[in-house]
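J.: Sequence and predicted structure below; questions after.
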Amino acid sequence: MIEVRGLSKRYGEVLAVDNLTFAVRPGEVTGFLGPNGAGKSTTLRMIVGLDAASSGTATVGGRPYVAQPTPLKEVGALLDPGAVLPGRTAYHHLLALAAGNGIPSSRVKAVLAEVGLENVRRRRAGTFSLGMRQRLGIAAALLGDPPVLVFDEPLNGLDPEGIVWIRSLMRRMAAEGRAVLMSSHLMSEMELTADHLVVIGRGRLIADTSMKDFIEAHSEREVFVRSPRAEELRGMLSTAVEVRTESSDALVVTGLEAAEIGALASANGVELHELAPRQVSLEKAFMALTRDAVEYQSEKETSR
Ligand SMILES: Nc1ncnc2c1ncn2[C@@H]1O[C@H](COP(=O)(O)OP(=O)(O)OP(=O)(O)O)[C@@H](O)[C@H]1O
């Protein structure tokens, strides 16, 4: 379990993380979401002791990372897949990590197999593609068989096969009872992977919710309606229903089922050419939620 309480980080003028409080529970993948510059990486670095907090605390299993006697056995992290000596082979990179953390060398073989790098274990990491470096970074995170895993943008730069692989790995790690925290700036990635969501913007907590509740609260269904008498049909709909005119013969209706719209049109003799329910994407809901944070960022950036 990861517990973040009142965590803040200031870099000079910039308050990168502002009084954050949230928990990452075992048995779940928690998606850590926020627009670029929201403070995700800074928060993750503080959780794994790579950055000191300006105030507040971040603990893993009840202790700060720096107080862990064997950190790799408590928390595995993928923060910067480039952080590997390019001249070292994948095998020796992992072996050195294992030796430094009192982890038996048999684990090196096990994690190489787990991430599918067995065949290239004797190759220098400097020759690896981005996807292979991600896999090596994940192998290092898994080395100590830790109950807590932290991944910063693990899907960045991966091909579709790599993305599917990482998603299923995260799901499996959570199913084994581990607490998994994974950051991204893309809602679409999280929708398929996370059980719980922590959303931040400008360093502050915006939402801390189960994925199920987030979907229920934000994924409104709308109905696309095409009719040669669209404007007349619009006049027949109750004022309590939200209607957008998409073109002279098309409406988008929120707040009524397709069947209800069809029945209303039929009762009034209005011909329909299309009647199609569609789901508003969670990406849109996420963007609406973080809009203020993004605007603040771009204002700040343009005023530099
Ligand atoms: N070492 C640093 N020195 C000064 N400012 C920093 C430093 N690290 C981060 N920042 C600033 O802190 C803020 C948060 O950055 P951070 O990298 O944590 O955001 P992020 O949510 O991970 O963004 P992204 O999705 O782009 O990776 C940004 O305004 C960034 O410029």
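T.: Now that the structure is in, tell me what you want to look at. Bear in mind the structure is a predicted one, so any value in this text is a computation, not a measurement.
J.: Can you name the residues of this structure that neighbour the ligand?
T.: Contact residues, the chain versus the ligand (CB under 6 Å from any ligand atom): Tyr11, Val14, Ala16, Gly34, Asn36, Gly37, Ala38, Gly39, Lys40, Ser41, Thr42, His185. Bear in mind the C-beta positions are built from the backbone N, C-alpha and C, glycine included.
J.: neighbours of the first one, just the number please.
T.: The one in question is Tyr11. 11 (other CB atoms under 10 Å).
J.: Could you do Arg244 as well?
T.: 12.
J.: Ramachandran coordinates for it?
T.: Backbone dihedrals for Arg244, given as degrees, to the nearest 10, come out at phi -120, psi 130.
J.: For it, give the beta-bridge partners.
T.: Val252 (DSSP bridges).
J.: where does it land on pLDDT?
T.: For Arg244, the pLDDT comes out at 90.
J.: I figured it hits Val252, correct?
T.: Yes. With contact defined as CB atoms under 8 Å, Arg244 reaches Val252; the gap is 4.4 Å.
J.: Isn't Gly177 up against Pro146?
T.: No. Gly177 is not in contact with Pro146 according to CB under 8 Å; the separation is 11.6 Å.
J.: So what's the gap between stretch 209-226 and the chain middle?
T.: Taking CA atoms, centre = their mean, to the nearest Å, one finds stretch 209-226 lying 18 Å from the centre of the chain it belongs to.
J.: now the strands: where do they sit in the stretch 51-200 of the chain?
T.: 55-60, 75-78, 148-151, 179-184, 196-201 (DSSP state E, counting those that start in this stretch).
J.: again, but for the stretch 201-304 of the chain
T.: Counting by DSSP E, counting those that start in this stretch, the strands of the stretch 201-304 of the chain are 204-210, 221-226, 242-247, 250-254, 274-279.
J.: Now do the buried residues in the first one.
T.: Going back to what we said before, that points to strand 204-210. Arg204, Leu205, Ile206, Ala207 (16 or more other CB atoms under 10 Å).
J.: which residue sits closest to the last one, ignoring its sequence neighbours?
T.: Using CB to CB, 6 or more residues apart in numbering and skipping the chain neighbours, the partner closest in space to Ala207 is Val199 (4.1 Å).
J.: repeat for the first one
T.: Counting by CB to CB, 6+ apart, Arg204 lies nearest to Asp18, which is 4.7 Å off, once chain neighbours are set aside.
J.: Parallel or antiparallel, list what pairs with the helix or strand where the one you found lies.
T.: Assessed by DSSP states H and E, Asp18 sits inside strand 14-24. Strand 14-24 sits in its sheet next to strand 2-11 (antiparallel), going by DSSP bridges.
J.: where does the stretch 51-200 of the chain dip in pLDDT?
T.: 81-82 (pLDDT under 70).
J.: In the stretch 51-200 of the chain, what residue comes closest to the ligand?
T.: Nearest residue of the stretch 51-200 of the chain to the ligand: His185, at 4.5 Å (CB to the nearest ligand atom).
J.: All the helices of the protein, in order from the start?
T.: 40-47, 71-74, 90-100, 106-115, 130-142, 160-175, 187-193, 211-218, 230-236, 258-267, 282-302 (DSSP state H).
J.: Could you dump those helices into TSV with mean neighbour count added?
T.: Output for these, formatted as TSV (neighbours: other CB atoms under 10 Å):
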stretch	mean neighbour count
helix 40-47	24
helix 71-74	19
helix 90-100	18
helix 106-115	18
helix 130-142	22
helix 160-175	17
helix 187-193	19
helix 211-218	15
helix 230-236	15
helix 258-267	15
helix 282-302	15
